[in-house]
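Asks: What follows is a predicted protein model with its sequence.
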Amino acid sequence: MRRVVLAIVSTIAALMMLLSFKSHTGTSSASPPAAVSSASTPSSSTSSGSGSSSAGRKTHHATTRTVTGDAVDTQYGPVEVQVTVKSGKVTAVTATEYPTSDPRDAQINSYAIPALDSEALAAGNANIDMISGATYTSNGYITSLQSALDKAGV
């Protein structure tokens, strides 16, 4: 008898959790999200500093460059990443544009973007893990990051 009651209560609890799940109410399209970058003008600034260049890399004479990657359109909006490179090494990574128009987008990106920023900075390249629950943002981020790194010559 206890098992029957436990099974019924468990089934009801699981059903309640399933029915209370709220999916994303963003726009839907018939085609899959585009991972094609849109045309945007890269912004870069160059300033000289002091120091030596990294061994085994191109000589950069301790130059600091900030380069913005291409804006990548995702199903929920564009993602754009800015990279700062000093002496051939990535010193800062920041997402300058990402979807926040929908409350769910803002919620997801409030944890996904800082995680992607720190992981990209630690890796120093675009070979980073995607964030679970933020697949479209992660794909756009990685594509824009690679674009910025290519423009910076890293």
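Replies: On my side now, so go ahead. Numbers count the residues shown, from 1 in each chain.
Asks: Could you pull up the contacting residues of the residue lying closest to residue 99 once chain neighbours are set aside?
Replies: Among residues not flanking residue 99 along the chain, residue 77 sits closest, at 3.4 Å (Cβ to Cβ, 6 or more residues apart in numbering). Placement of C-beta: from N, CA and C, glycine included. With contacts defined as Cβ atoms under 8 Å, 6 or more residues apart in numbering, residue 77 is in contact with 98-101, 105.
Asks: and the residues you listed, which two are the farthest apart?
Replies: Longest distance between any two of these is 10.3 Å, between 98 and 101; criterion Cβ to Cβ.
Asks: I'd like the next helix or strand past the worst-scoring helix or strand of the chain on mean pLDDT.
Replies: Ranking every helix and strand in the chain by mean pLDDT, DSSP states H and E puts strand 44-48 at the bottom, with a mean of 40. Next in sequence after strand 44-48, counting helices and strands by DSSP states H and E, comes strand 63-68.
Asks: So for stretch 83-101, mean pLDDT?
Replies: Here stretch 83-101 scores 90 as its mean pLDDT.
Asks: how far does that stretch stretch from start to finish?
Replies: 24 Å (Cα to Cα, to the nearest Å).
Asks: Alpha carbons of the longest helix anywhere in the chain, as CSV, please.
Replies: When the chain is parsed with DSSP state H, its longest helix is helix 103-123. What follows is helix 103-123, C-alpha atoms only, in CSV (Å, rounded to 0.1, in the frame of the first residue of the first chain):
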residue,chain,number,x,y,z
PRO,A,103,13.4,38.7,-20.0
ARG,A,104,14.4,35.1,-20.6
ASP,A,105,17.3,36.2,-22.8
ALA,A,106,18.4,38.6,-20.1
GLN,A,107,18.2,35.9,-17.5
ILE,A,108,20.2,33.3,-19.6
ASN,A,109,22.8,35.8,-20.7
SER,A,110,23.3,37.2,-17.2
TYR,A,111,25.2,34.0,-16.3
ALA,A,112,26.3,32.8,-19.8
ILE,A,113,28.1,36.0,-20.9
PRO,A,114,30.4,36.4,-17.9
ALA,A,115,31.2,32.6,-18.0
LEU,A,116,32.0,32.8,-21.7
ASP,A,117,34.1,36.0,-21.1
SER,A,118,36.2,34.4,-18.4
GLU,A,119,36.6,31.1,-20.3
ALA,A,120,37.7,32.9,-23.4
LEU,A,121,40.2,35.0,-21.4
ALA,A,122,41.6,31.9,-19.7
ALA,A,123,41.9,29.9,-23.0
